[in-house]
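Please find the sequence and the predicted model below.
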Amino acid sequence: MVTIKDVARVAGVSTATVSRVVHDGGQVGDACRARVKKVIQELGYRPNTNARALVSKTSDTIGVVTPKLSMTFFGCLAAGVEITAREQQLKMLMSNSLYETKTELEAINSLREHQCNAIILHSEYSDEKTLTQLAEEIPGLVLINRFIPSLAQRCVWLDNEAGAREVTEYLIRRGHRKIAVISSVYQNNDPKSRLIGVTDAMKANDLAIDPACIQESTANMRGGEEAVHALIANGCEFTAVVAYNDLMAVGAMNALQDAGIRVPEDVSVVGFDDLYIAKACRPTLTTMHYPVEEMASYAAELAIDLSSGKERLSNRTHLFMPILKERNSVADCLG
């Protein structure tokens with residue numbers, strides 16, 4: 001492997017001069033700078049970014065930790081961070097926690113070993129005490145999709161309750177009174193918050209949800225199918241389904257149509273997230289748009305500013321709101 005000493009030897013200069021050329025520093029003549037750059041190109045020299053980070057205590061990287069990058073939602077999150085990373089000319093390091101607290105902490109420590117002081121963390125299960133300690137140790141740690149009051153200034157989050165309330169009120173305005181809910185079994189705050197939003201909207205309109213019409217399953221298409229099978233088996237009467245996310249909503253529509261129940265003529269279905277599949281399925285899915293890319297890009301900017309000292313911690317929070325996207329999976333209920 002070509003080293004900085006090799007470049008210095010061939011160019012006939014000191015390693016300090018090569019370093020200044022690499023970092024576009026001053027005090028190097030134009031002719032000398034051109035000669036060093038030519039040698040760098042001819043030898044194929046690549047600066048050791050880790051070594052530079054150890055010396056300067058800074059890094060040209062931004063870290064992202066998500067539960068599972070292969071899932072569309074987290075892929076969109078990573079894409080949002082990358083937008084800011086490219087604008088700031090930073091490299092992006094990514095890691096999966098695989099929904100495990102131990103793996104999540106290992107991923108964070110790996111980023112810290114690379115002197116990565118700006119980290120976007122989608123934490124599912126780490127407790128508040130652990131996250132508070134990490135925030136004290138990592139200048140640019142930002143939590144996305146999770147709100148912790150004591151770390152509000154580091155949280156970029158979505159009002160899930162408001163979103164679920166809005167989409168439920170939309171169904172009620174369309175005449176639906178018998179509404180079923182298919183939620184996620186995952187023990188994080190999002191399913192609870194969205195269920196609260198649905199029930200609040202129902203109560204505000206003097207309606208109630210039959211407990212038999214609330215089903216939990218895995219937050220994917222198969223889970224949506226299984227939840228609908230359970231609703232039908234329980235004899236639940238419903239004209240609309242509020243799904244935890246778009247994947248469950250699409251699975252629910254598939255199961256309903258397989259059972260001879262038309263969507264939206266017989267049963268309307270709504271989702272949450274507004275993933276790409278929401279526009280590709282048939283009928284196209286009415287859903288709440290989750291601005292995950294925008295939030296992730298914003299979170300990256302905040303992390304970079306915090307890590308560099310440009311942003312000071314304050315009492316302000318970074319709250320985003322979902323937006324209703326009307327498509328073809330909802331019809332008026334005339335009964």
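Ah, there it is.

Next SSE downstream of the helix or strand of the chain with the lowest mean pLDDT?
Least confident helix or strand of the chain, by mean pLDDT, DSSP states H and E, is helix 49-56 with a mean of 48. Downstream of helix 49-56, the first helix or strand assigned by DSSP states H and E is strand 61-66.

what's that following strand packed up against?
Where contact means 3 or more Cβ pairs under 8 Å, 6 or more residues apart in numbering; DSSP states H and E, strand 61-66 is packed against helix 72-87, strand 91-96, helix 101-113, strand 118-121, helix 292-308. From N, CA and C alone the C-beta is placed, and that goes for glycine too.

Partner strands of it, with direction?
strand 91-96 (parallel), strand 118-121 (parallel) (DSSP bridges).

ranking the ones you listed by burial, who's on top?
The highest mean neighbour count among the strands paired with strand 61-66, using mean count of other Cβ atoms under 10 Å, belongs to strand 118-121: a mean of 28.

Run through who's touching the helix or strand where Met202 lies.
Counting by DSSP H and E, the element that carries Met202 is helix 189-204. The contact list for helix 189-204, computed with Cβ atoms under 8 Å, 6 or more residues apart in numbering, reads 145-147, 160-166, 168-169, 172, 179, 181, 183-185, 208-209, 214, 216, 219, 242, 244, 272.

now those residues: which count as buried?
145-147, 160-166, 168-169, 172, 179, 181, 183-184, 209, 214, 216, 219, 242, 244, 272 (16 or more other Cβ atoms under 10 Å).

and Glu294, how far is that from Ser217?
Distance, Glu294 to Ser217, by Cβ to Cβ, to the nearest Å: 29 Å.

Looking at those two, which has the bigger crowd around it?
Between Glu294 and Ser217, counted using other Cβ atoms under 10 Å, the more crowded position is Ser217 (22 against 14).

got a pLDDT number for the nearest residue to Pro264 once chain neighbours are set aside?
Leaving out its chain neighbours, the residue that sits closest to Pro264 by Cβ to Cβ, 6 or more residues apart in numbering is Ala331, at 3.9 Å. Note on Ala331: pLDDT of 98.

Okay, domains of the protein per the record?
4-47, 56-158+292-321, 160-290 (automatic domain parsing).

Now Leu207: which helix or strand?
Counting by DSSP H and E, there is no helix or strand that carries Leu207.

and if you look at Asp6?
Taking DSSP H and E as the definition, one finds Asp6 inside helix 4-11.

pLDDT weak spots in this protein?
Scanning the chain for pLDDT under 70 picks out 25-26, 48-59, 311-315.

one step back: could you provide the domains of the chain in a markdown table, with additional columns for distance to Gly335?
Formatted as a markdown table, the domains of the chain follow (distance: least, Cβ to Cβ, whole Å):
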| stretch | distance to Gly335 |
| --- | --- |
| domain 4-47 | 69 |
| domain 56-158+292-321 | 32 |
| domain 160-290 | 7 |
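
So which of the ones you listed is nearest Arg327?
Among the domains of the chain, domain 160-290 comes nearest to Arg327, with 3.9 Å by Cβ to Cβ.

How far does the closest one stretch from one end to the other?
9 Å (Cα to Cα, to the nearest Å).

and stretch 274-291, which residues are buried?
Buried, per 16+ other Cβ under 10 Å, within stretch 274-291: 274-275, 277-278, 281, 283, 285-291.

tell me which of the residues you listed is nearest to Thr72?
Checking the buried residues of stretch 274-291 against Thr72 with Cβ to Cβ, the nearest one is Leu275 at 5.0 Å.

which one of the helices and strands packed on strand 61-66 is the most hemmed in?
Ranked by mean neighbour count, those are led by strand 118-121 with a mean of 28 (mean count of other Cβ under 10 Å).

Thank you kindly, that will do.
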